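1. Any chance you can model this:
(2 chains)
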Amino acid sequence: ETGVTQSPTHLIKTRGQQVTLRCSSQSGHNTVSWYQQALGQGPQFIFQYYREEENGRGNFPPRFSGLQFPNYSSELNVNALELDDSALYLCASSLEREGYEQYFGPGTRLTVT
Amino acid sequence: AQKVTQAQTEISVVEKEDVTLDCVYETRDTTYYLFWYKQPPSGELVFLIRRNSFDEQNEISGRYSWNFQKSTSSFNFTITASQVVDSAVYFCALSEAGRGSTLGRLYFGRGTQLTVWP
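-> Numbering: from 1, shown residues only, chains lettered A, B, ... in the order given. Model (predicted):
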C-alpha cells in the first residue's frame, strides 16, 4: 500500500464528454504527477503539480488540465473526450520534485466509447 | 528521442531460474536518477529501487540485484531464483535534473513482461 488513492476505479464515458479524475497523495508529499498508460505501453507524463502550481507538462493538449489543492490532493480534467483517451490514468506523489521515488496510486481505467 | 529502451518485450522462465531485465537510457544531463518499477496484473506501479547518477555502486536486496554502468548507459535488473509471484511487467524509468528539466518527471521504457512458470 502506497497511501496514494485514486477515484473512481473504472469509468466509461462517451466521446465528447468531460471527465474528472481524483487523486489523494501520500501524507507529507507536495508533488503530484499524472501519467497516461495506454494498453501495452509505458506510462506517459501528462503534467506535474508542485505546491499547487503546474510545474511541467508533457506532450498533451490543453484539454487535459489539472488542479492541486492545499491539502495536496489533485484532480485531472479531460474535456472533449476522444476514443484515444481510453487508458489507465495514474497519479503519483513524491516528497519533493528532484530525486525522490514517486509512489503510484492504483489508477483509474477510463474507457471512451 | 526515446530516453529509456527496454529491448526485451517478453521473457518467460521456469521457477528458480535467474533472469536479467535490460535497460538502456539516454540523457545529456550529468545529474539524473534511474528507477525500476514493477506492475503486477492489478495495475499499480510498485517502486523497487532508485539510483542517482553519482552512485554506481551495485546493490543486492534479497533476490534482487541491480547493475548500473554509466559507461554503457545501462541499468539492468536481475532476479535470482525467480518465483511465480515475480510475474509482472517491469519498467525502467529515468528522471533528469539538469537545467530546463521538469524535476521529477519520469520517462518510462515500454516495459518487459516477465512470466515465471511453476
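2. Could you check which helix or strand contains B:Trp36?
-> In this assignment (DSSP states H and E), B:Trp36 forms part of strand B:32-39.
3. So for residue 20, what's the pLDDT?
-> By default, I'm working from chain A. With respect to pLDDT, A:Thr20 scores 98.
4. wait, chain B
-> 97.
5. residues in contact with the residue most central in space within chain A?
-> A centroid search over chain A (CA atoms, centre = their mean) returns A:Trp34, at 3.2 Å, as the residue closest to the centre. Residues near A:Trp34 by CB atoms under 8 Å, 6 or more residues apart in numbering or on different chains: A:23, A:45-48, A:66, A:74, A:76, A:89-92. In short, each C-beta sits where N, CA and C put it, glycine included.
6. what does B:Tyr90 give?
-> Contacts for B:Tyr90 (CB under 8 Å, 6+ apart) come out as B:21, B:36-39, B:77, B:111-112, B:114.
7. Could you find which two of those residues are furthest from each other?
-> B:Gln39 and B:Phe77 (13.6 Å; CB to CB).
8. how deep is residue 103 tucked in, by neighbour count?
-> Since no chain was named, I'll use chain A. 21 (other CB atoms under 10 Å in any protein chain shown).
9. should've been chain B
-> Count around B:Leu103 with other CB under 10 Å applied: 20.
10. Give me the three-state assignment for it.
-> coil (DSSP: H, G, I helix; E, B strand; the rest coil).
11. Including distance to A:Thr9, secondary structure and neighbour count, could the contacts of A:Trp34 go into TSV?
-> Shown next, in TSV, are these (distance: CB to CB, whole Å; DSSP: H, G, I helix; E, B strand; the rest coil; neighbours: other CB atoms under 10 Å in any protein chain shown):
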residue	distance to A:Thr9	secondary structure	neighbour count
A:Cys23	12	strand	28
A:Phe45	22	strand	21
A:Ile46	19	strand	22
A:Phe47	22	strand	21
A:Gln48	23	strand	28
A:Gly66	19	strand	22
A:Ser74	17	strand	25
A:Leu76	15	strand	26
A:Tyr89	11	strand	24
A:Leu90	12	strand	28
A:Cys91	13	strand	30
A:Ala92	17	strand	28
